[in-house]
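J.: Need a 3D model of the sequence below.
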Amino acid sequence: MASVIRDAGKRDVSAMIAIATAAYVVYVPRIGKEPAPMIADFASHVARGEAYVLEDKGEVVAYLITFEKDGGQFIENVAVRPSRHGQGHGKRLLSFAEDQAHQHNLSRLFLYTNAMMTENLDFYLRLGYVETHRMEEDGFDRVYFEKDLRA
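T.: Now for the predicted structure:
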């Protein structure tokens, strides 16, 4: 069975929570508290049709939360099960978000990450995102990135 990206359903919420916990727990010591994805309301994202999962060989190994916001495609969160890192799942989900933007005639993707998640800062730059600004928001130091899709 090949991997597939599909709409997340109620039955996927527990897998999404488990992935978020496993993927983000390493950042708790750096940030001093649980990062936002560890306390996210995944059920609400699923109910609003903003959540997608990447299933590989019948196992949910990654997820994406994305929706239209402020004239662009906002990526609220993307996470991959740590045991499946390095297999291209994150890049594939970000490409899926880009496809969503094109389908809705949106010219940009944007997202944020925590300033303490230094690995993510480099990752997004390598994928063609540009840092736009930094700010404290909801008690977190966030770094915002944008990718122009008109090029």
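
J.: Select the longest helix from this protein.
T.: When the chain is parsed with DSSP state H, its longest helix is helix 89-103.

J.: Pull out the buried residues from that helix.
T.: 89-90, 92-94, 96-98, 100-101 (16 or more other Cβ atoms under 10 Å). To be clear about C-beta, it is placed using only N, CA and C from the backbone, and glycine gets the same treatment.

J.: What of stretch 54-61?
T.: Neighbour-count burial for stretch 54-61 [16+ other Cβ under 10 Å]: 54-56, 60-61.

J.: likewise stretch 137-151?
T.: Buried residues in stretch 137-151 (16+ other Cβ under 10 Å): 140, 142-147, 149.

J.: where exactly do the helices run in the protein?
T.: 13-24, 28-31, 42-47, 89-103, 118-126.

J.: Among these, which comes closest to Gly72?
T.: Of all the helices of the chain, helix 89-103 sits nearest to Gly72, with 7.0 Å by Cβ to Cβ.

J.: remind me, longest strand of the protein?
T.: strand 59-69 (DSSP state E).

J.: how far does that strand sit from the chain's center?
T.: Distance of strand 59-69 from the chain centroid (Cα atoms, centre = their mean, to the nearest Å) equals 6 Å.
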